[in-house]
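J.: here is my input, please return the structure:
(4 chains)
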2 protein chains.
Amino acid sequence: MDKNSPIEFTLAERDASVTITQWVYVTLRNAVMYGQILPGRALTIRELAKELDVSPMPVREALRQLAAENALEIQGNRRVMVPKMTAMKFTELCQARMALESHAAERALPYIDNQRLSALQQIDALIDDAQREGNHAPVSALNQEFHRTLYSANPHQVTLPLIESLWLQLGPFMKLASAHLEVSSQVDRHTEAMDAIEKKDAIALQLAIKSDIREGFNFASTPELLQRFIDESNRHN
Amino acid sequence: MDKNSPIEFTLAERDASVTITQWVYVTLRNAVMYGQILPGRALTIRELAKELDVSPMPVREALRQLAAENALEIQGNRRVMVPKMTAMKFTELCQARMALESHAAERALPYIDNQRLSALQQIDALIDDAQREGNHAPVSALNQEFHRTLYSANPHQVTLPLIESLWLQLGPFMKLASAHLEVSSQVDRHTEAMDAIEKKDAIALQLAIKSDIREGFNFASTPELLQRFIDESNRHN
DNA sequence: TTTATACTTTTGTGATCACAATAGGCCAGC
DNA sequence: GCTGGCCTATTGTGATCACAAAAGTATAAA
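T.: As a prediction, this is how the structure comes out:
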C-alpha cells in the first residue's frame, strides 16, 4: 500500500447529514492543507478508498474537485498528486495572495460592523495566546480564520474561493514553514489592520494585509532556505 | 425533458484520445461560458446525460468540477444550476477581474518576447477585422484569447486558473451584453497594452488592462440597464 | 376555488463490475 | 552489471444497479 510514504489522516466523525463525498473531500482537503501528503506523492483512488474505508466512488469525486481547485494536479498519466513547489512558483503564489487579498480587504471594508470587528479581535487574541504559550500548531489555522472573517464581511463574495485556492496551494509548505518560523518578534500586522478598519482607511488596511502576508513568508526570503524546504519535500519523490 | 428552457449545445467531435468526462466538461463549460444555459435553470444529471448521449457518470464528474470552479452552484437540495446574477455581484466580479488581471499582466511582462508580442498583435488584428465586418460573435472569444496569451507568458502561472473562473462566472452575461454593446467607437485598449509592453512599462500596461476590462462592461454602468439584463435572464426562473 | 395530504416519479448518491491502458517487476541478452 | 522487451498486477474510466430523499402530482376535504 504505502509504496511511498504513508499518509496520516485526521479522521473526523462522519455526520449522517453529510454525504460521504463531502466528508472525503474535507478529509483530503485538510490532509493537503496541513501538509500530511507530501508533494509528488502519487495518490490512487483505490488506496485512498481503502484508507478511508469508503468505496472508490466518493474518492473519485473528491479528487476531481480538489484538482479543480488546484490543490491537486492530474498528470498526463491520469495520476493524481500534490503539485511540487518551485521557488518561482512560491513567489508567484505569495504575490498573488498580496494582490487578491488586499483587494478583497478593500472591498470588504465598507461592510465591517462592530460585531465583526470584535470577532476579529477575538481571533487575534487567540493567536497571541497561542504564540505566548509557544503553541504554534493552531496559529496557521487561526490566521486563516482571521483573514476569512475579514474578507467574508463582503456579502457579495466572489474572491474568497479564489483566495482559498491559493491557501490550498501554499498549505503543504506552511507546515514546513511553521517548524522553522520565528513569529514572536514580528510586528502584529493584525493590530495594524484592525486600526485601519476602525479609521475606515482602505490604504492602510491594504498595506497591513500585504505586510502580514509578506512577513508570514519572509522566512523564505533567502532562496537557499526555501530551496531546502522544497528539496526536503521532494526527497521522497 | 425541457421543463424549463431547452439547452442548445454545440456538440464538438469527440476525439478518441480524450476521455468522455473531459469532453462533457468542455461541452458544458462552453454552454455556460456562452450563455446557452440560463441562470437559475435546474440541471439534472440524467437529463444532461441523455442530451449528450453519454452515461450519467461522466456528467456527474463534469458537474462537480464546474461547481468547484464556481461556474455552477450546488444548492442545498443538491440541485445544480447556473448561479443567478445580481448587480452587486456583477460589480464585484468586474472589480476582481481588474485587480487580478492587472496583477497577472504585471507579472507576465518580463517574460513577453517578440514572438509572443506578435501573437498578441495577430489576435488583435483578428478582433479588428471581425468588428469592421460587424461580425460580433467571435469577438468575445478572441478577446479572451488575447488576455490569456498575455498572462500565460509567465511560465510560473498561478493566476490564470483563478482568472478563468471569473470569466466563467461572467460568461452567461457576456452574451446578453454583446447583443447590446457598442464597441466600434471605443478606444482600442489592446493597442495601448501592446505599446506598454514594447516600452516595458508595467504601470501603463496595468492601466490599459484595467481600462479594457472596465470599458468591456461599462455598458452596464447604468444600473437600470444591468438590471434589465438580470431580470431577462431570471425571467425563466 | 383553495389547501392539505398521500402517492408516484424522478433524482442524487454510492456500490459494484467490466475493460483498456498503464505501471512495475521479471527475465533474457549484451 | 546494465539494458531492453515481455508479462502480470494495478489503475482510471465508464456503465449499471439499488436505495433513500426530494420533487411533482393527483386526490380529497374545506
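J.: centroid-wise, who is the farthest residue in chain A?
T.: residue A:199 (28.9 Å; Cα atoms, centre = their mean).
J.: let me know the pLDDT of that residue.
T.: For residue A:199, the model assigns a pLDDT of 92.
J.: where's it relative to residue B:149, distance?
T.: Distance, residue A:199 to residue B:149, using Cβ to Cβ, to the nearest Å: 42 Å. Glycine gets a C-beta too; all of them are placed from N, C-alpha and C.
J.: same thing with residue A:143?
T.: 36 Å.
J.: state the distance from residue A:147 to residue A:97.
T.: 9 Å.
J.: and if you look at residue A:27?
T.: Look at residue A:27 and residue A:97: by Cβ to Cβ, they are 25 Å apart.
J.: thinking again about what came up before, mutual contacts of residue A:147 and residue A:97, please.
T.: The overlap between the contact sets of residue A:147 and residue A:97 (Cβ atoms under 8 Å, 6 or more residues apart in numbering or on different chains) consists of residue A:163.
J.: how about the residue most central in space within chain A: what's its closest non-neighbour residue?
T.: Centroid-nearest residue in chain A: residue A:167, 3.4 Å away (criterion: Cα atoms, centre = their mean). Among residues not flanking residue A:167 along the chain, residue A:144 sits closest, at 6.3 Å (Cβ to Cβ, 6 or more residues apart in numbering or on different chains).
J.: would you list the phi and psi of that neighbour?
T.: phi -60, psi -40 (degrees, to the nearest 10).
J.: I'd say it and residue A:166 touch.
T.: No: checked against Cβ atoms under 8 Å, the pair residue A:144 and residue A:166 is beyond contact range at 11.1 Å.
J.: the more surrounded of the two?
T.: Per other Cβ atoms under 10 Å in any protein chain shown, whichever of residue A:144 and residue A:166 has more neighbours is residue A:166, with 20 against 17.
J.: element containing that one, please.
T.: Element membership of residue A:166 [criterion: DSSP states H and E] is helix A:160-180.
J.: by how many degrees do that helix and helix B:160-180 diverge?
T.: Angle, helix A:160-180 to helix B:160-180, by axes from the mean of the first three to the mean of the last three Cα atoms, to 10 degrees: 170 degrees.
J.: can you pull the buried residues of whatever helix or strand comes next after helix A:160-180?
T.: Counting by DSSP H and E, the next helix or strand C-terminal to helix A:160-180 is helix A:189-198. By neighbour count on 16 or more other Cβ atoms under 10 Å in any protein chain shown, the buried set for helix A:189-198 is A:189, A:190, A:192, A:193, A:194, A:196, A:197.
J.: rebuild those as a markdown table, extending it with distance to DNA strand D.
T.: Converted to a markdown table, the buried residues of helix A:189-198 look like this (distance: Cβ to the nearest atom of the strand, whole Å):
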| residue | distance to DNA strand D |
| --- | --- |
| A:189 | 41 |
| A:190 | 40 |
| A:192 | 46 |
| A:193 | 40 |
| A:194 | 41 |
| A:196 | 44 |
| A:197 | 39 |
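J.: show me which of those residues is closest to residue B:23.
T.: residue A:193 (46.4 Å; Cβ to Cβ).
J.: my guess is that closest one contacts residue A:208. True?
T.: Yes: the criterion here is Cβ under 8 Å, and residue A:193 meets it with residue A:208 at 3.9 Å.
J.: what does chain A put close to DNA strand C?
T.: A:19-21, A:42, A:54-58, A:61, A:77-79 (Cβ under 7 Å from any atom of the strand).
J.: looking at these, which two lie furthest apart in space?
T.: Taking Cβ to Cβ as the measure, the residues of chain A next to DNA strand C have their most distant pair in A:19 and A:77, spaced 29.0 Å apart.
J.: neighbour count: these two, which is higher?
T.: residue A:19 (14 against 7).
J.: for that one, grab phi and psi.
T.: In terms of degrees, to the nearest 10, the main-chain angles of residue A:19 are phi -70, psi 150.
J.: how about the nearest residue to it, chain neighbours excluded?
T.: residue A:58 (7.6 Å).
J.: which residues touch that neighbour?
T.: Here residue A:58 is in contact with A:19, A:20, A:21, A:23, A:24, A:49 (Cβ under 8 Å, 6+ apart).
J.: in a helix, it, correct?
T.: Yes: remark: residue A:58 belongs to a helix, assigned using DSSP: H, G, I helix; E, B strand; the rest coil.
J.: show me where chain A has helices.
T.: For chain A, the helices defined by DSSP state H cover A:20-33, A:45-52, A:56-68, A:87-108, A:114-132, A:139-151, A:160-180, A:189-198, A:202-216, A:223-234.
J.: nearest to residue B:101, out of those?
T.: The nearest among those, by Cβ to Cβ, is helix A:87-108 at 10.0 Å.
J.: report the angle between that closest one and helix B:160-180.
T.: 50 degrees.
J.: for helix A:87-108, name the packing helices and strands.
T.: helix A:139-151, helix A:160-180, helix A:202-216, helix A:223-234, helix B:87-108 (3 or more Cβ pairs under 8 Å, 6 or more residues apart in numbering or on different chains; DSSP states H and E).
J.: with adjacent residues omitted, what lies nearest to residue A:143?
T.: Using Cβ to Cβ, 6+ apart and skipping residues adjacent in sequence, the residue nearest residue A:143 is residue A:127, 6.5 Å away.
J.: buried set for stretch A:57-72?
T.: A:58-72.
J.: mind picking the two most distant members of those residues?
T.: A:58 and A:70 (20.6 Å).
J.: ok, now how distant is the closest residue to residue A:172 other than its chain neighbours from residue A:140?
T.: In space, and not counting its chain neighbours, residue A:172 is closest to residue A:35: 4.4 Å by Cβ to Cβ, 6+ apart. Applying Cβ to Cβ, the value for residue A:35 to residue A:140 is 10 Å.
J.: what does residue A:66 give?
T.: 19 Å.
J.: likewise for residue A:37?
T.: 16 Å.
J.: just checking, residue A:46 touches residue A:55?
T.: No: the pair residue A:46 / residue A:55 is not scored as a contact, 9.8 Å apart, by Cβ under 8 Å.
J.: mind listing the shared neighbours of these two?
T.: Common neighbours of residue A:46 and residue A:55 (Cβ under 8 Å, 6+ apart) do not exist.
J.: tell me where the model's unsure across chain A.
T.: A:1-6, A:175-187, A:218-237 (pLDDT under 70).
J.: how many neighbouring residues does the residue in it that DNA strand C sits nearest to have?
T.: When scored by Cβ to the nearest atom of the strand, chain A has residue A:55 as its residue closest to DNA strand C, at 2.5 Å. By other Cβ under 10 Å, the residues close to residue A:55 number 12.
J.: which residue packs closest to it, ignoring adjacent ones?
T.: When the adjacent residues along the chain are set aside, residue A:55 lies closest to residue A:49, with 6.1 Å between them (Cβ to Cβ, 6+ apart).
J.: contact partners for that neighbour?
T.: Residue A:49 touches A:55, A:56, A:58, A:59, counting by Cβ under 8 Å, 6+ apart.
J.: that older thread, now tabulate the contacts of residue A:58 in JSON lines and tack on distance to residue A:212.
T.: Conversion of the contacts of residue A:58 to JSON lines gives the following (distance: Cβ to Cβ, whole Å):
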{"residue": "A:19", "distance to residue A:212": "36"}
{"residue": "A:20", "distance to residue A:212": "37"}
{"residue": "A:21", "distance to residue A:212": "35"}
{"residue": "A:23", "distance to residue A:212": "32"}
{"residue": "A:24", "distance to residue A:212": "33"}
{"residue": "A:49", "distance to residue A:212": "39"}
